[in-house]
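[1] What follows is a predicted structure for the sequence shown.
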Amino acid sequence: MFYGLATCKVRVGGYKFTHVLCDIETLNQRAMSEAFFDVTAISFHVYPYIQEQYALMACGGSVGDGYGPMIVASRPYDLDEIRGVKIAVPGTLTTAYLALKLFAPEIETAVVPFDQIIPQVMAGNFDAGLIIHEGQLTYPRSGLNRILDLGVWWRDLTGLPLPLGGNAIRRSLGDAAMLTVTQALRDSIQYGLDHRDEALDYAMQFGRDLDTSLTDKFVGMYVNERTLDYGEDGRAAIRSLLAMGHERGIIPQPVNVDFVG
């Protein structure tokens, strides 16, 4: 997504972009604190808590169209059994956590860094884990069993894709700057899609245990035409997910979703 901007293939007169690499839960926490960024990747689950300070950009999102975060375990469980198992999760502000709680509100969880969930399950410290990012592709090599794909569960429930993460921009920048920066991000995404091989080579340096083939597959899952624009069903999915989270008491306040661009 950011290849064009990060390598100055995409430039915007009068603007300088400084890139800060953090895991998503750290970005979620920082968006809720005073240690904020002007533009930040976030889990959609965190948006209700920052909606007064940030608006969602209309581009830059990751949407699972019939796939998403997965519950994996060291042995097979049926869906009734898994509700009684303590699950390692990558953070309580992640969209994966929100979807898990919509699936099973009673489920017990423990927060574990996302890249340690599979090792922790393999070590027997947890019976099951909720995996995000490249773990969705690499878990079979660890001998783990997929219990539930929450993207499939969500699609079966609603008929919609599962929106996972997006980009938010600070309202205090003003309307003109918000539009300019959102267009810059869209141009960067388009550049990456148009120069896919170059962008993949750049992205490989940030990959964790992924070869070129798996990196290509992972990027195809989460950087695609929906990343340029969510589409009507994608926007409906964001609103539906957050409204359901509020209705079921997971998100304490009503959510007003608005997009820039």
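    That came through, no problem. Owing to the predicted nature of the structure, the values given are computational and were not obtained by experimental measurement. Residues are numbered from 1 along each chain as shown.
[2] can you pull the buried residues of the lowest-mean-pLDDT helix or strand in the chain?
    In the chain, no helix or strand scores lower on mean pLDDT, DSSP states H and E than helix 135-138, which sits at a mean of 82. Within helix 135-138, the residues scored as buried using 16 or more other CB atoms under 10 Å are 135-138. For the C-beta atoms, the positions are set from N, CA and C on the backbone; glycine is no exception.
[3] Next, the buried residues of the longest helix that the chain contains.
    Selection of the longest helix in the chain by residue count, based on DSSP state H, yields helix 175-194. By neighbour count on 16+ other CB under 10 Å, the buried set for helix 175-194 is 178, 180-189, 191-193.
[4] What of stretch 41-60?
    Buried residues in stretch 41-60 (16+ other CB under 10 Å): 41-51, 54-60.
[5] shouldn't residue 1 be in contact with residue 227?
    Yes - in this structure residue 1 lies within contact range of residue 227 using CB atoms under 8 Å: 6.5 Å.
[6] could the buried residues of helix 175-194 go into JSON lines alongside distance to residue 245?
    Formatted as JSON lines, those follow (distance: CB to CB, whole Å):
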{"residue": "178", "distance to residue 245": "25"}
{"residue": "180", "distance to residue 245": "32"}
{"residue": "181", "distance to residue 245": "28"}
{"residue": "182", "distance to residue 245": "25"}
{"residue": "183", "distance to residue 245": "30"}
{"residue": "184", "distance to residue 245": "31"}
{"residue": "185", "distance to residue 245": "26"}
{"residue": "186", "distance to residue 245": "27"}
{"residue": "187", "distance to residue 245": "32"}
{"residue": "188", "distance to residue 245": "30"}
{"residue": "189", "distance to residue 245": "27"}
{"residue": "191", "distance to residue 245": "34"}
{"residue": "192", "distance to residue 245": "31"}
{"residue": "193", "distance to residue 245": "31"}
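[7] Could you check how many residues crowd around residue 92?
    Number of residues near residue 92 (other CB atoms under 10 Å) recorded here: 15.
[8] you'd agree it is up against residue 111?
    Yes - between residue 92 and residue 111 there is a contact under CB under 8 Å: 6.4 Å.
[9] helices or strands next to the host helix or strand of residue 232 in the packing?
    If you go by DSSP states H and E, residue 232 is part of helix 231-247. Secondary-structure packing of helix 231-247 (3 or more CB pairs under 8 Å, 6 or more residues apart in numbering; DSSP states H and E): helix 47-50, helix 95-103, helix 150-158, strand 162-170.
[10] so where's the stretch 101-250 of the chain shaky on pLDDT?
    In the predicted model of the stretch 101-250 of the chain, residues 207-209 satisfy pLDDT under 70.
[11] Contacts only, for the nearest residue to residue 39 once chain neighbours are set aside.
    Leaving aside its sequence neighbours, residue 39 sits nearest to residue 169 (CB to CB, 6 or more residues apart in numbering; 5.0 Å). By CB atoms under 8 Å, 6 or more residues apart in numbering, the contact list for residue 169 reads 38-39, 54-55, 57, 178, 181-182, 260.
[12] Which of those residues sits closest to residue 23?
    residue 39 (16.9 Å; CB to CB).
[13] from memory that closest one sits against residue 167, does it?
    Yes - using CB under 8 Å, residue 39 is in contact with residue 167, at 6.2 Å.
[14] which residues do those two both contact?
    Residues touching both residue 39 and residue 167 comprise 57, 185, with contact defined as CB under 8 Å, 6+ apart.
[15] what's the distance between the residue nearest the centre of the chain and residue 125?
    Nearest to the geometric centre of the chain sits residue 165, at 3.1 Å (CA atoms, centre = their mean). Using CB to CB, to the nearest Å, residue 165 is found at 27 Å from residue 125.
[16] any idea how the protein splits into domains?
    3-64+161-260, 70-158 (automatic domain parsing).
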